[in-house]
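Okay, predicted coordinates and the sequence, questions at the end:
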Amino acid sequence: MAGLDSRIIIVGLPQVASALRADAEQAIWFTQAYVLGTTAALLLIGRVTDIVGRVKIYTSGFAIFTIGSALTSLALEPTQVILFRGIQGLGAGILFTNSIAMITDATPKNELGFFLGVNQIAFRFGAMAGLTLSGIIISFLDWRALFYINVPIGIFGTFWAHRRLKEIAILERGAPIDWIGFVMFTASLTSFLLALTFAAYGIAEQVTVYVLLIISLTSMLAFIAYERKHEHPLLDLKLLKIREFTGGITAQLLNAIAWGAVLLLLSLYFQLVVGLSPFDAGIRMIPFDIVFLFLGVIGGRLSDRFGHLPFTTSGLALTSISLYLFSTIDASTPYSLIVIYMMLLGAGIGLFVSPNISSIMGSVPTQRRGIASAFRATFFNVGFTISLNLAVLIMTFTVPYAIVTMIISSTNAIVIPEADKLLFVEGLKNTYLWLAVLNTAAILPSVLRGGRFRNNSPKDFRASYEKS
């Protein structure tokens, strides 16, 4: 479900925007609202799951996701789509956070990387279905069908989760929920994401952006000070004393910033520069997911045996190389070369993700897995949001914002002047180059956290936490 909806709007974005007469800013919010809804409440969700139980919250996430999908399919204008995508994103965030924690609870320590890799198979199949189904739906049906398909799956998933899943987590039943911390954290995160979006797309005046950034910084400082003194904090800051946890989270954030916007940029390139249909554009991006799927499982299995370090490091290196190669693409680049670059990107992300998640989740105490998974997911989603905004912001250094708006909201490459296409391609090149630099920076924290091997005692990696 999460994989499907992470991609299904990417290929169909120009068509949905055109059908609703949405401008470029509203079109971008069709994706941003989903990410914001997924991200804003993750810490609260993680804390609640440690208290109430993973299964109950997971099941409610399926229901919320299904309701959000149904409402989105009924939307009549852009604002409604943005609102309902936020609801859908909230449900996705609940699923996204709990799935990793539940798998970690149910999996032997020496097989965690493999089973997280298996989990990635589900996501990758959903992502590939999103790329292909969206093209077929847009070609033959109304855009609303992009969201109709979630409803029967969601109904089945909700009832299946309720009937079949059993609670096995060690819970902190009866512990209070830190609502004040939740309000401060949500205010900080939401203000930060809004400021980034407004700055990237020129939606608000600079004064508004600065005010939002000040609110974000002030709220975060207040949140940290409050959490340090609270007996039952929303975010247990002692987790950051675990080197393996902090290094993995930091590397994941930089990696998410680096590649989060790549598939949207590729979709725009294929449709609006090369002139392909949505279906053809989706089909042409599948090599990325195939390699990601294959190496995700292999990387997870091998990391259980040899430790995460060789695979997280090589994965990040391959990702940087692929992003640099993307920066060489122009309107005449053969598709065969682009396939190689996408396969390198898929290999890099596939080798990095499962071993990195295994490293993060395997380093924390059992009773903190819910909040640890939420913290990891929050950093991942923030990285993706920054990536989308940063990509447009970097592009406007080369391409005037008016041209970026015109290209993103166009549904036909023929109407785009050739000179504007060439300028847009130059903007893409610069964007990929900067993203490659950012991803390379992720190698340092990934390496410095150290390597965990199968025969190490988990206590060795939680010593600083337990002492606290």
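All right, it came through fine.

I'd like to know which helix or strand in the protein has the lowest mean pLDDT.
Across the helices and strands of the chain, mean pLDDT, DSSP states H and E gives its lowest value to helix 463-467, namely a mean of 52.

Can you give me the domain boundaries for the protein?
Domain ranges of the chain: 2-177+234-447, 178-233, per automatic domain parsing.

Who are the contact partners of I149?
Listed by C-beta atoms under 8 Å, 6 or more residues apart in numbering, the contact set of I149 reads 4, 133, 137. Where C-beta positions appear, they are placed from N, C-alpha and C, glycine not excepted.

Oops, could you answer that again for I338 instead?
If a contact means C-beta under 8 Å, 6+ apart, then I338 has 284, 329 as its contacts.

Show the subsequent helix or strand relative to the helix or strand encompassing it.
Assigned by DSSP states H and E, I338 belongs to helix 335-362. Proceeding N to C from helix 335-362, the next assigned helix or strand is helix 369-395, under DSSP H and E.

what's the angle from that following helix to helix 335-362?
150 degrees (axes from the mean of the first three to the mean of the last three C-alpha atoms, to 10 degrees).

Quick one: distance of helix 369-395 to the chain centre.
6 Å (C-alpha atoms, centre = their mean, to the nearest Å).

what pLDDT does V415 get?
We have a pLDDT of 66 for V415.

Would you mind giving the contacts of I149 as TSV with pLDDT, neighbour count and secondary structure added?
What follows is the contacts of I149, written out as TSV (pLDDT from 0 to 100; neighbours: other C-beta atoms under 10 Å; DSSP: H, G, I helix; E, B strand; the rest coil):
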residue	pLDDT	neighbour count	secondary structure
L4	74	21	helix
L133	70	21	helix
I137	74	23	helix
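
need the residues you listed in JSON lines with distance to L263, can you?
JSON lines is the format used below for those (distance: C-beta to C-beta, whole Å):
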{"residue": "L4", "distance to L263": "14"}
{"residue": "L133", "distance to L263": "15"}
{"residue": "I137", "distance to L263": "18"}
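
and of those, the nearest to A256?
L4 (19.2 Å; C-beta to C-beta).

wait, isn't that closest one in contact with N150?
Yes - with contact defined as C-beta atoms under 8 Å, L4 reaches N150; the gap is 7.3 Å.

Looking only at the particular helix or strand that has L146 in it, what residues are buried by neighbour count?
Assigned by DSSP H and E, L146 belongs to helix 145-148. Neighbour-count burial for helix 145-148 flags 145-148 (criterion: 16 or more other C-beta atoms under 10 Å).

Quick one: mean pLDDT for it?
pLDDT averaged over helix 145-148 gives 81.

For that helix, which outside residues touch it?
8-9, 12, 16, 69-70, 72-73, 88, 134, 137-138.

mind redoing it with 6 Å?
Helix 145-148 is contacted by residues 8, 12, 69, 72-73, 137 when judged by C-beta atoms under 6 Å, 6 or more residues apart in numbering.

with those residues in mind, which one is nearest to S373?
For the contacts of helix 145-148, the nearest to S373 is S69 (23.4 Å; C-beta to C-beta).

measure the closest one to V81 for me?
For S69, the distance to V81 equals 12 Å [C-beta to C-beta, to the nearest Å].

How about L272?
Taking C-beta to C-beta as the measure, L272 falls 21 Å from V81.

Report the distance from the helix holding I338 to the chain centre.
Offset of helix 335-362 from its chain centre (C-alpha atoms, centre = their mean): 14 Å.

List the buried residues in it.
Neighbour-count burial for helix 335-362, counted by 16+ other C-beta under 10 Å, picks out 338-339, 341-362.

Same question for stretch 292-307.
Residues of stretch 292-307 classed as buried: 292-297, 299-304, 307 (neighbour count, 16+ other C-beta under 10 Å).

quick one: contacts for the residue sitting nearest the centre point of the chain?
Nearest to the geometric centre of the chain sits N381, at 4.4 Å (C-alpha atoms, centre = their mean). Contact analysis of N381 by C-beta under 6 Å, 6+ apart lists 35, 38-39.

In helices only, show me those residues.
The members of those that map onto helices under DSSP state H are 35, 38-39.

who wins for neighbours among the residues you listed?
T38 (30 neighbours; other C-beta atoms under 10 Å).

so that one makes contact with G91?
No - counting by C-beta atoms under 6 Å, G91 is not a contact partner of T38; they are 8.7 Å apart.

Where does the nearest residue to Y341 once chain neighbours are set aside fall, secondary structure wise?
Once flanking residues are discounted, Y341 sits nearest to L325: 4.5 Å by C-beta to C-beta, 6 or more residues apart in numbering. Secondary structure from DSSP H and E places L325 in helix 309-326.
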